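**Student:** Got a predicted structure plus its sequence, pasted below:
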Amino acid sequence: MSRIFFTVLLIGLFTIVNAQHTLILNQQERAEVIDDILEDRLDNLLPELMRREGIDMWVIISREYNEDPVMKTMLPSTWLSARRRTIMVFYDKGGDNPLEKIAIARYDVGKLLKGAWDLNVFPDQWEALVDLIKEKNPKKIGINKSDYFALADGLVHTEHEQFMEKLPNAYENRVVSAERLAIAWLETRSEKELQIYPMIAHLGHKILQEGLSEKNIHPGITTTTDVEWRLRQLVTDYGLKTWFHPSVSVQRAAEGNQEFLRSFSRRPDHEVIRYGDLLHVDFGITYLRLNTDQQQHFYVLKPNEKEVPVFLQAALKNGNRLQDILTSNFKAGKTGNQILSASLDQAKAEGINGSIYTHPIGLHGHAAGPAIGMWDKQQGVKGTGDYELFPNTAYSIELFAATEVKEWGKLVRIMLEEDGVYGKDGFYFLDGRMEDILSIPRTK
């Protein structure tokens, strides 16, 4: 056994054991998966989306360290940024012809886009791009600009100015916003991604539930801030990343209604966790370029308690019911605002006091696609809420249901968030959802 192989074997065994028997790929293995998925998306998904949105040429332009968010998702695993100025061109000739994937750059973009800039012929990069446009003579040239979707607005002002300055007048009226195409690329999950996404959500749940356990919480000593940083450390220990800093908050019987009214920014730091506290956590990871966003609740048992109080479990059931109401209103072609309105009306009719602020998830945490409410916009969201629902898209079902708990003499807000997919057969959660508040320590 070579020394290198033995070292790799030890690292692999440590990774598996450390993740509690859930396999986490090493960096080389991750790169192979990422590139395989990206190649499949470019070859099979992108042509379909370009035809759906009526754009036969998509031009994406970025400079190093100031990348278009879409371009970042198209870079191979070994490219951590664009190089100098990178221009990607995707051209659909139509018929049975494969999509042409061209880089107007000094380098091939991995194995996926062939470099097509010959400096001996075109010393100026823009001239090389214009020559390609003339050769292909597209009907519509899509560029990434958008009023409402930041992730589809990646063409910076300087690059846009230079592109339009170099483009011949005859082609200017063919330039259109690629907003809907950019959103479609970002939001649509391929079959290969749908195969791996449940395990990513499962990993998120496992780390979250380890962080919120007796292993990491000692009532009277541990603070909410301690738990937040412990979660961050667990993510690092597992060789993963998080796309936002976790948050942990408390609701308890002795505090009146003040925690219910706190905004995220005003939540107190270093709050000591006590027996009888209801803890809430907001947490997410990034793995294989896909993200999770999960919120769950945990109850710290008092010394004489054996299980979570029934009245808190009943409050959770109201939250689960609001999840069901929302996802039952997912229908292809409905806008985010239509889904929001129908769901809130139904919740009100059932006597549920709730709020819905659900967002797409995937290649970004707060991803492209239809916004289904925001915490401060329950009447609808202009622009992003007017975009419609498409199949094979993923969402963080984020909401709260407030329940009057007479035992505590107050409203208790159950804030839930679980990741799921809207597919051809309807909506499903990637790794289930919390249907029972977990106790600290666990009793079963």
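**Tutor:** Looks like it arrived, so ask away.

**Student:** all helices of this protein, in order?
**Tutor:** Remark: helices assigned in the chain by DSSP state H are 3-18, 27-40, 46-53, 69-74, 125-136, 157-166, 169-172, 179-187, 191-211, 224-237, 258-261, 310-328, 336-349.

**Student:** between those, which gets nearest to Gly426?
**Tutor:** Across the helices of the chain, Gly426 has its closest neighbour in helix 310-328 (7.9 Å, CB to CB). Yep, even glycine has a C-beta here, placed from its N, CA and C like the rest.

**Student:** what about the closest one, average pLDDT?
**Tutor:** Mean pLDDT, computed over helix 310-328, is 98.

**Student:** Am I right that Tyr148 is in contact with Ala371?
**Tutor:** No. The criterion here is CB atoms under 8 Å, and Tyr148 misses it with Ala371 at 9.2 Å.

**Student:** Of those two, which one has the most company?
**Tutor:** Neighbour count, other CB atoms under 10 Å: between Tyr148 and Ala371, Ala371 has more, with 26 against 15.

**Student:** So that one versus Thr286, what's the distance?
**Tutor:** 21 Å (CB to CB, to the nearest Å).

**Student:** do Glu350 as well
**Tutor:** Distance from Glu350 to Thr286, by CB to CB: 36 Å.

**Student:** which one of these two has more residues nearby?
**Tutor:** Using other CB under 10 Å, the more surrounded residue of Glu350 and Thr286 is Thr286, with 19 against 12.

**Student:** Which residue is the nearest non-sequential neighbour of that one?
**Tutor:** Lys241 (4.6 Å; CB to CB, 6 or more residues apart in numbering).

**Student:** hang on, the earlier thing: mind listing the shared neighbours of Tyr148 and Ala371?
**Tutor:** Thr384 (CB atoms under 8 Å, 6 or more residues apart in numbering).

**Student:** ok so, going back, give me the number of residues near the residue nearest to Thr286?
**Tutor:** 12.

**Student:** Over to Glu307?
**Tutor:** Using other CB under 10 Å: Glu307 sits among 13 other residues.

**Student:** Next up, the contacts around Asp40.
**Tutor:** 190, 192.

**Student:** Just the pLDDT for it.
**Tutor:** Predicted confidence (pLDDT) for Asp40: 95.

**Student:** Same question for Leu234.
**Tutor:** 97.

**Student:** Check the gap between it and Pro309 for me.
**Tutor:** Leu234 is 28 Å from Pro309, by CB to CB.

**Student:** swap in Glu418?
**Tutor:** Taken as CB to CB, the span from Glu418 to Pro309 is 23 Å.

**Student:** Repeat that for His160.
**Tutor:** 58 Å.

**Student:** neighbour count winner among those two?
**Tutor:** Pro309 (19 against 15).

**Student:** Which residue ranges make up the domains of the protein?
**Tutor:** 43-186, 189-440 (automatic domain parsing).

**Student:** For burial, what's the neighbour tally of Leu399?
**Tutor:** Leu399, neighbours per other CB under 10 Å, totals 26.

**Student:** and what of His157?
**Tutor:** 8.

**Student:** switch to numbering from 102
**Tutor:** Sure, I'll start counting at 102 from here, so that last one is His258.

**Student:** tell me the pLDDT at it?
**Tutor:** For His258, pLDDT reads 95.

**Student:** Likewise for Gln128?
**Tutor:** At Gln128, pLDDT is 91.

**Student:** And it, how close does it get to Trp180?
**Tutor:** 14 Å.

**Student:** Could you do His465 as well?
**Tutor:** Relative to Trp180, and taking CB to CB, His465 is found at 18 Å.

**Student:** what do you get for Ala495?
**Tutor:** Distance from Ala495 to Trp180, by CB to CB: 25 Å.
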